[in-house]
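Colleague: just need the structure, nothing else, for what follows:
(one chain, ligands or ions: 4)
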Amino acid sequence: RRRETDLHEAFARGELALAYQPVLGVRSRAILGFEALLRWQHSVEGAIPPSDFVPLAEETGLIVPIGAWVLRQACAEASLWADPIRVAVNLSPVQFRDPGLVATVREALALSGLAPQRLELEVTESVLLAASEANVATLHALRQLGVRIAMDDFGTGYCSLSYLQRFPFDTIKIDRSFVNRLGDDPHSTAIVRAVIGLGASLGIVTVAEGVETEAQFAQLRAEGCGEVQGYLFGRPAPAAEARRLIRREP
Ligand code: G
Ligand code: G
Ligand code: MN
Ligand code: NA
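Modeller: Ligands and ions are numbered 1, 2, ... in the order given. Below you'll find the model as predicted:
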């Protein structure tokens, strides 16, 4: 089991890094943005995935300083990209317990000079679970900064629809567990169609995650999905690779 001191030292030594995965427009197939994903480059073990250390960072509260670093780093990187290419940053529910979260986001924007509408914050439904009026208020305060708010992993939560009622999200990210069964499972296909329709009627952008095949992409296009992300278009990669992809765009 990983130890808090190891993660703390890794963070201090600069072993945490961000990988960037492209998000493309379905119609244009142009790059609209990138999702920033945390990586731990361990000196001995190599790349450790977030599933192995984000839970520890959450338990120990380290996710607060690490999350602040992620925000600063992602905004600074995105400020080098062609306008209006966006960056999406994942926020843990634990970061919502930090009274400094809104100030941290404001500072990351100010330091980088990134236009707020080019930053999207991804939250999962655990942020809206239970008696979380304070979290809904924080989401409104973040939105007031001018950033976009996305509901991540849509459909996997306890009651995804009620969360859409509790906060007016800009974006819904359809979980890859639905996307990767598109075509062969009629239920997943129906669910994806319904979510895209829901997004359209609420004026919310829909992003399909985990797109791996041209067949899945064709079906999402036929259903009217707005944006796509997945190995078919690009894996999470270092910042330098994201810059190369942007330069290659027509
Ligand atoms: O890259 P990978 O599929 O292993 O990412 C798995 C999950 O780790 C993501 O879906 C996301 O929820 C979480 N994650 C990745 N980067 C960050 C981050 O910067 N902050 C937080 N809180 N979670 C992250
Ligand atoms: O929970 P969140 O959606 O933030 O997680 C995103 C994670 O999904 C990233 O860590 C990334 O590694 C993973 N991912 C991105 N695209 C694909 C894909 O096409 N297939 C699979 N299996 N995983 C993907
Ligand atoms: Mn995400
Ligand atoms: Na997701």
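Colleague: OK, contacts around the residue nearest to residue 68 when sequence neighbours are not counted?
Modeller: Nearest non-adjacent residue to residue 68, counting by C-beta to C-beta, 6 or more residues apart in numbering: residue 104, 4.8 Å away. The way it works is simple: take the backbone N, C-alpha and C, and place the C-beta from them, glycine included. Residue 104 is in contact with 67, 68, 71, 98, counting by C-beta atoms under 8 Å, 6 or more residues apart in numbering.
Colleague: give me the neighbour count for the first one.
Modeller: Other residues within reach of residue 67, judged by other C-beta atoms under 10 Å, total 24.
Colleague: isn't it up against residue 95?
Modeller: Yes: with contact defined as C-beta atoms under 8 Å, residue 67 and residue 95 form a contacting pair (4.8 Å).
Colleague: which of the contacts of residue 104 tops the neighbour count?
Modeller: Going by other C-beta under 10 Å, residue 71 tops the contacts of residue 104 with 26 neighbours.
Colleague: and that one, what element?
Modeller: Per DSSP states H and E: residue 71 is located in helix 63-78.
Colleague: quick one: average pLDDT of that helix?
Modeller: For helix 63-78, mean pLDDT rounds to 98.
Colleague: name the helices or strands packed onto it?
Modeller: Applying 3 or more C-beta pairs under 8 Å, 6 or more residues apart in numbering; DSSP states H and E, we find helix 63-78 packed against helix 4-12, strand 16-25, strand 31-42, helix 50-60, strand 86-90, helix 101-112, strand 119-123.
Colleague: mind exporting the lowest-mean-pLDDT helix or strand in the chain as CSV, just the C-alpha atoms?
Modeller: Lowest by mean pLDDT, DSSP states H and E among the helices and strands of the chain is helix 160-166, with a mean of 86. Extracted C-alpha coordinates of helix 160-166, given in CSV (Å, rounded to 0.1, in the frame of the first residue of the first chain):
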residue,chain,number,x,y,z
SER,A,160,-27.6,11.3,-12.3
LEU,A,161,-30.8,13.0,-13.5
SER,A,162,-31.5,14.7,-10.2
TYR,A,163,-28.0,16.3,-10.3
LEU,A,164,-28.9,18.1,-13.5
GLN,A,165,-31.8,19.6,-11.6
ARG,A,166,-29.6,20.8,-8.8
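Colleague: contacts for that helix, please.
Modeller: 125, 128, 136, 151, 154, 157, 169, 172, 198, 202, 204.
Colleague: just say helix, strand or coil for the residue located most distally from the centre of the chain.
Modeller: For the chain, the largest distance from the centre (C-alpha atoms, centre = their mean) belongs to residue 44, which lies 28.2 Å off. Secondary structure for residue 44, judged by DSSP: H, G, I helix; E, B strand; the rest coil, is coil.
Colleague: I'd like the numbering to begin with 11 instead of 1 from here.
Modeller: Sounds good: first residue 11 from here, last item residue 54.
Colleague: now do the same for it: its pLDDT.
Modeller: At residue 54, pLDDT is 88.
Colleague: hang on, residue 106 packs against residue 137?
Modeller: Yes: applying C-beta under 8 Å as the test, residue 106 and residue 137 come out as touching, 5.8 Å apart.
Colleague: where in this structure is pLDDT low?
Modeller: 11, 140-141 (pLDDT under 70).
Colleague: contact residues of it facing ligand 1?
Modeller: 47-48, 59-61, 64, 73, 77, 80, 100-102, 246 (C-beta under 6 Å from any ligand atom).
Colleague: let's have these in a markdown table, adding distance to ligand 4.
Modeller: What follows is the residues of the chain next to ligand 1, written out as a markdown table (distance: C-beta to the ion, whole Å):
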| residue | distance to ligand 4 |
| --- | --- |
| 47 | 10 |
| 48 | 14 |
| 59 | 14 |
| 60 | 12 |
| 61 | 12 |
| 64 | 13 |
| 73 | 17 |
| 77 | 17 |
| 80 | 16 |
| 100 | 8 |
| 101 | 12 |
| 102 | 13 |
| 246 | 12 |
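Colleague: phi and psi next, for residue 24.
Modeller: phi 80, psi 30 (degrees, to the nearest 10).
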